[in-house]
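Asks: here is the input, now give the coordinates:
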Amino acid sequence: MADLFPPRIDMETPSIARMYDYLLGGKDNFESDRKACEELAAGIPELVSFANDNRAFLGRAVEYVCSRGVDQFLDLGAGLPTTDNTHQVAQRADPGARVLYVDHDPIVLAHGRALLGENGTTAFLLADIRDPGPILSSPEAIDLLDFDRPVCVMLVSLLHCLPDDSDPFGMVRSLMKRLAPGSAVIYSHIVSDDHEAAAWMTEKILGFGTPWGRVRSPEEASRAFEGLELVSPWLDDRDEGPRTVDCSTWRHEDRPPVFRPEEPSVKRWELAGVAFKP
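Replies: Got it, this is the predicted structure:
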């Protein structure tokens, strides 16, 4: 079976992209990914809802950014295609929307290109997401995106995959400096206000041999929004409460925005928000 996959595909070490695919009910994963998810779920019973809530946030956020007139998306750490991918949500709202997916995992590239076929307004790029320069100067980006106009950068469940020595927040600042005013960021990051809970998840994932970063505190994760203007997480745009919230409550029609899950036993959540460059 291994001969059916490119030599760079490691089926024995869990992959974050494939683990996420499994949690969302996908089929593009291996036994190592499924076992890793089961081990995590033993300590995080809400793990499946965690992933699905984050995916639903992505859809609501893309729809919102499209409503603000942004029609170009740079989806970093895109992961494996599943239901309601960024281009599908964006192109329902605006058929002319353009999406460039970027990931460093070759299996993501292979599945993404197969999904897109002849879609001329969407492309995949295999690149190191930690270095925005080559991404922005790539033929795929130049052909697809107009950097004289606003671009929405997707950082959904990405920065917690990057260790501190990769300077993930510096990467965000560097990238946003290169983009036009009016550009946006859609962002979520696994956080915890409990040091032991954060360390448990971080150590468990690193123990799989999977390249990863760490669960950060909400204050640390909020650094991604430095210099940007956060939008209201309320559907009616009211200026009330925190602007970075549990992703499951961001502009949700049935849930008021909350900074963290209200259930005290839930010690990890995805801090989320949408912000624009002045």
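Asks: all the strands of the stretch 101-250 of the chain, in order from the start?
Replies: Using DSSP state E, counting those that start in this stretch, the strands of the stretch 101-250 of the chain run over residues 122-126, 152-156, 184-192, 229-230, 245-246.
Asks: mean pLDDT added to those, as JSON lines?
Replies: Shown next, in JSON lines, are the strands of the stretch 101-250 of the chain (pLDDT from 0 to 100):
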{"stretch": "strand 122-126", "mean pLDDT": "90"}
{"stretch": "strand 152-156", "mean pLDDT": "97"}
{"stretch": "strand 184-192", "mean pLDDT": "98"}
{"stretch": "strand 229-230", "mean pLDDT": "98"}
{"stretch": "strand 245-246", "mean pLDDT": "98"}
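Asks: nearest to R60, of the ones you listed?
Replies: R60 lies closest to strand 184-192 among these, at 9.6 Å (CB to CB). To be clear about C-beta, it is placed using only N, CA and C from the backbone, and glycine gets the same treatment.
Asks: and the angle from that closest one to strand 152-156?
Replies: Angle between the axes of strand 184-192 and strand 152-156 is 10 degrees (criterion: axes from the mean of the first three to the mean of the last three CA atoms, to 10 degrees).
Asks: contacting residues for the nearest residue to S222 once chain neighbours are set aside?
Replies: Distance criterion CB to CB, 6 or more residues apart in numbering; nearest residue to S222, sequence neighbours excluded, is T244 at 5.5 Å. Applying CB atoms under 8 Å, 6 or more residues apart in numbering, we find T244 in contact with P218, A221, S222, F225, L230, P233, F259, L271, A272, G273.
Asks: which residues sit in contact with A197?
Replies: By CB under 8 Å, 6+ apart, the residues touching A197 are V215, K267, R268.
Asks: which of the strands of the stretch 101-250 of the chain sits closest to T86?
Replies: With CB to CB as the measure, strand 152-156 is the member of the strands of the stretch 101-250 of the chain nearest T86 (6.1 Å).
Asks: list the helices and strands that closest one packs on?
Replies: If contacts are counted by 3 or more CB pairs under 8 Å, 6 or more residues apart in numbering; DSSP states H and E, strand 152-156 sits against helix 47-67, strand 72-76, helix 168-177, strand 184-192.
Asks: between all of the contacts of T244, which two are separated the most?
Replies: Spatially, the most separated pair among the contacts of T244 is A221 and P233, at 15.1 Å (CB to CB).
Asks: any idea how far G69 is from F147?
Replies: Between F147 and G69 the distance is 16 Å, computed by CB to CB, to the nearest Å.
Asks: cool, R92 as well?
Replies: Counting by CB to CB - R92 and G69 are separated by 16 Å.
Asks: comparing those two, which residue is more hemmed in?
Replies: When R92 and G69 are compared for neighbours, R92 comes out ahead with 14 against 10, by other CB atoms under 10 Å.
Asks: quick check: angle from the one helix or strand the more buried one maps to to strand 122-126?
Replies: According to DSSP states H and E, R92 maps onto helix 86-93. Calculated by the same axes, to 10 degrees, helix 86-93 forms an angle of 160 degrees with strand 122-126.
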